[in-house]
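**Student:** Any chance you could fold what I've pasted below:
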Amino acid sequence: MKGQADTIGIAMRRALLGEIEGTCITRAKSEKISHEYATIMGIQESVHEILMNLKEIVLRSNLYGTCEASICVRGPGYVTDQDIILPPYVEIVDNTQHIASLTEPIELVIGLQIEKNRGYLIKAPNTFQDGSYHKLHKKYIKNE
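**Tutor:** So this is what the prediction gives:
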């Protein structure tokens with residue numbers, strides 16, 4: 001009957017998306033940042049733009065679960081995904097993602113939480129917690 005293909009297609013799509021696995025950055029933390037829409041003297045991008053650039057990083061991991069990574073860079077200069085200090089079992093697939101441009105001799109320190117999981121999860125946008133955490137939407141399937 002007409003319309004049954006849509007019903008079956010939606011069920012198949014949900015089942016397939018639930019089985020795909022991937023790795024992504026799920027949190028970013030910096031002590032100097034007061035909120036997501038702040039600007040930092042000496043950094044060309046806003047905090048929101050830096051978070052969006054972090055979401056674009058493509059990662060691959062051998063282990064399920066959560067791990068920690070960090071960025072610690074002194075300017076002036078460009079910050080890319082090559083500046084991320086990762087655990088040995090996590091790797092960056094494409095090393096060309098721009099994160100920020102430091103225009104003055106300041107230090108940028110960001111703690112990252114990386115998670116590997118299965119499925120397509122989007123959490124409610126709780127982007128500000130304790131004045132320093134910025135949660136990113138979890139889209140595992142985008143990355144691998």
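**Student:** those helices in this protein, which residues are they?
**Tutor:** Assigned by DSSP state H, the chain shows helices spanning 4-17, 47-55.
**Student:** CA atoms only for the first one, dumped as CSV, please.
**Tutor:** Included here for helix 4-17 are C-alpha records, laid out as CSV according to Å, rounded to 0.1, in the frame of the first residue of the first chain:
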residue,chain,number,x,y,z
GLN,A,4,4.4,1.6,3.6
ALA,A,5,7.9,2.2,2.1
ASP,A,6,8.3,5.3,4.3
THR,A,7,7.5,3.4,7.4
ILE,A,8,9.9,0.5,6.5
GLY,A,9,12.6,2.9,5.4
ILE,A,10,12.5,4.9,8.7
ALA,A,11,12.8,1.7,10.7
MET,A,12,15.7,0.4,8.6
ARG,A,13,17.5,3.8,8.9
ARG,A,14,17.2,3.8,12.7
ALA,A,15,18.4,0.2,12.9
LEU,A,16,21.5,0.9,10.7
LEU,A,17,22.4,4.1,12.4
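**Student:** The longest strand along the chain to helix 47-55, inter-axis angle?
**Tutor:** Taking DSSP state E as the criterion, the chain has its longest strand at strand 107-118. Interaxial angle, strand 107-118 versus helix 47-55 (axes from the mean of the first three to the mean of the last three C-alpha atoms, to 10 degrees): 50 degrees.
**Student:** quick one: strand 107-118 to chain centroid distance?
**Tutor:** Distance of strand 107-118 from its chain centroid, counting by C-alpha atoms, centre = their mean, to the nearest Å, is 7 Å.
**Student:** May I see the buried residues of it?
**Tutor:** Judged by neighbour count using 16 or more other C-beta atoms under 10 Å, the buried positions of strand 107-118 are 108, 110-117. Where C-beta positions appear, they are placed from N, C-alpha and C, glycine not excepted.
**Student:** related to what we said a few turns ago, buried deepest among the helices of the chain, which one?
**Tutor:** Highest mean neighbour count of these: helix 47-55, a mean of 19 (counted as mean count of other C-beta atoms under 10 Å).
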